[in-house]
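K.L.:
The sequence isn't on hand, but the structure is:
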């Protein structure tokens, strides 16, 4: 099973993205962002847990736990958002679907994509994610960057072959 089959199989149960596909459009690549996108909210929840525990232990003030519930609620909100955010590449376009209350769908037709860049920070290399920067023909871009992309090198090759039409995996 190659990466493309694995990605489509893994996320094929999600009906979140099906409503954004045209009837003649099949999903080629559909992935969620890397779970590292949740690290700031998770570290905030753990940090506030430690602070609330210390404050309540030394002062006996139990109302401080409401602050921890707020940070825990923020973490739950971010996990919910992560679970419905997708990066898609079909045979006709590239899309990023995000948002819980306000859904945002950024789209660029494959015919307008002129360049794709993979950027990886040191933390991204350690944790296994990268950022895609798309260049399109024209002034206004609805989809310019997609952050926290999992399997960045493999996805870069898969997306490049879809966008630039390499059928046999070669760049020619």
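P.N.:
In hand now; what should we look at? The structure presented is a predicted model; accordingly, all values stated were derived computationally and were not measured.
K.L.:
Need the phi and psi values for the residue nearest the centre of the chain.
P.N.:
Residue closest to the average C-alpha location in the chain (Cα atoms, centre = their mean): residue 33, at 2.4 Å. When read as degrees, to the nearest 10, the backbone of residue 33 gives phi -70, psi 160.
K.L.:
contacting residues for it?
P.N.:
82, 85, 87, 129, 147, 148, 149, 150 (Cβ atoms under 8 Å, 6 or more residues apart in numbering). In short, each C-beta sits where N, CA and C put it, glycine included.
K.L.:
And for residue 136?
P.N.:
Shown in contact with residue 136 (Cβ under 8 Å, 6+ apart): 108, 112, 113, 114, 143.
K.L.:
hmm, which two among the residues you listed are most spread apart?
P.N.:
Spatial extent of the contacts of residue 136 (Cβ to Cβ) is set by the pair 114 and 143 at 13.1 Å.
K.L.:
What segments of the chain are helices?
P.N.:
3-11, 39-59, 65-84, 122-127, 152-164 (DSSP state H).
K.L.:
Can you tell me which of those helices is packed in deepest?
P.N.:
The highest average neighbour count among these, using mean count of other Cβ atoms under 10 Å, belongs to helix 152-164 at a mean of 18.
K.L.:
on that earlier part again, mind checking which of the contacts of residue 33 are in strands?
P.N.:
87, 129, 147, 148, 149, 150 (DSSP state E).
K.L.:
The second one and residue 149 touch, don't they?
P.N.:
Yes. Using Cβ atoms under 8 Å, residue 129 makes contact with residue 149 at a distance of 6.1 Å.
K.L.:
Look up the residues that both of these two are in contact with.
P.N.:
When contacts are counted by Cβ under 8 Å, 6+ apart, residue 129 and residue 149 are jointly contacted by 33, 34.
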